[in-house]
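Q: 3D model of this:
(one chain, ligands or ions: 1)
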Amino acid sequence: MTEPVLKCTNCGSEHERRSLICPECGNPGITSLYKYLSFNQHSLSLIINKEVWFPKAIDVNDPFEFKFMLSSMELHGMAINEASLQDARKDAMQLGVFCLSEINDNILMWSHYASNHTGFCIEFERTKENDLKPESCVPVIYPADDSVPVIDNENLETNSTFAKIATTKSKLWSYEKEWRIISREIGGRTYPLPGGITSVIFGCRMDEHNRNTIRKIIKTDIKYYEAIEDDNQYKFKIKSLSST
Ligand SMILES: [Zn+2]
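A: Purely as a prediction, here's the structure:
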């Protein structure tokens, strides 16, 4: 179970998926992440107040969040109590999780997270200064064999162990190409936008009135797109809209 990699489109070498540039040739890596949203008071608050909601891990849609196993149920010669381990997991699941995606054209995510295509999707820019930098926001690991992380007891309390537990999910979810920020404090609250908004993609069923509302609120000069049906295949094309 290793860090997801990205193949550089320029030199072909593989590097950590979270790297902003290819360490071999400096070619840009993944420079944007996307958030699918319904059109409602919460998403309007996001763009008006420039803050995002971090739900608690225990409240998101996957009951297997933060699940792990230990390499043995013994530490320093003492038996580890199963109940205390479950308590530790429960405590960790009080932390906030903000989920994003690498892709803006996934039909299922438009269905699930953007009110059956009547919502929209925001593009956030990744920079080395903002909260989408490699140290703060990481790609989710989807193990090929669907096994939960096995943690070496000696490393139980390290940051990297925690990161692995908090960012590993079933491969059933792999189509989401998810990235996440884990808050250091209890979730169920808002945080400032993790990065600048560079574009908005309107859902294929989003009505004109709601599209205009978003444009009026954002005001600044960003790009607008819409998801439209491809003629030949079951996929979306992301079409640029004129900058009016
Ligand atoms: Zn390269």
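Q: and the lowest-mean-pLDDT helix or strand in the chain, which strands flank it?
A: Least confident element among the helices and strands of the chain, by mean pLDDT, DSSP states H and E: strand 74-75 (a mean of 82). According to DSSP bridges, strand 74-75 has the following sheet partners: strand 78-79 (antiparallel).
Q: how many neighbours does the residue nearest to Lys169 when sequence neighbours are not counted have?
A: Take Lys169 and drop its neighbours on the chain: the residue closest to it by C-beta to C-beta, 6 or more residues apart in numbering is Val140, 5.3 Å away. C-beta: built from backbone N, CA, C; applies to glycine. Around Val140 there are 18 other residues, counting by other C-beta atoms under 10 Å.
Q: Identify the residues contacting Val140.
A: By C-beta atoms under 8 Å, 6 or more residues apart in numbering, the residues touching Val140 are Pro4, Thr167, Thr168, Lys169, Trp173, Glu176, Glu178, Trp179, Arg180.
Q: In which helix or strand does the last one reside?
A: Here Arg180 is covered by strand 178-186, with elements defined by DSSP states H and E.
Q: Neighbouring strands - and their directions - for that strand?
A: With DSSP bridges as the test, strand 178-186 is paired with strand 95-101 (antiparallel), strand 138-139 (antiparallel).
Q: What lies in contact with the last one?
A: Surrounding strand 138-139, the residues in contact under the criterion C-beta under 8 Å, 6+ apart are Glu3, Pro4, Arg17, Arg18, Glu102, Ala163, Thr167, Lys177, Glu178, Trp179, Arg180.
Q: Give me the distance from the least confident helix or strand of the chain to the chain's centre.
A: 34 Å (C-alpha atoms, centre = their mean, to the nearest Å).
Q: Stretch 18-32 now?
A: With C-alpha atoms, centre = their mean, you get 18 Å for stretch 18-32.
Q: Which residues belonging to that stretch are considered buried?
A: Neighbour-count burial for stretch 18-32 flags Arg18, Ser19, Cys22, Gly29, Ile30, Ser32 (criterion: 16 or more other C-beta atoms under 10 Å).
Q: which non-adjacent residue is nearest Leu85?
A: Closest to Leu85 by C-beta to C-beta, 6+ apart is Leu70, at 7.2 Å.
Q: Please report the distance of that neighbour from the ion.
A: 38 Å (C-beta to the ion, to the nearest Å).
Q: same check, this time on Cys137
A: In this view, Cys137 and the ion are 21 Å apart by C-beta to the ion.
Q: Hmm, that residue is touching Leu100, no?
A: Yes: the pair Cys137 and Leu100 qualifies as a contact (C-beta atoms under 8 Å) at a distance of 7.2 Å.
Q: can you list the residues of the protein near the ion?
A: Contact residues, the chain versus the ion (C-beta under 5 Å from the ion): Cys8, Asn10, Cys11, Cys22, Glu24, Cys25, Asn27.
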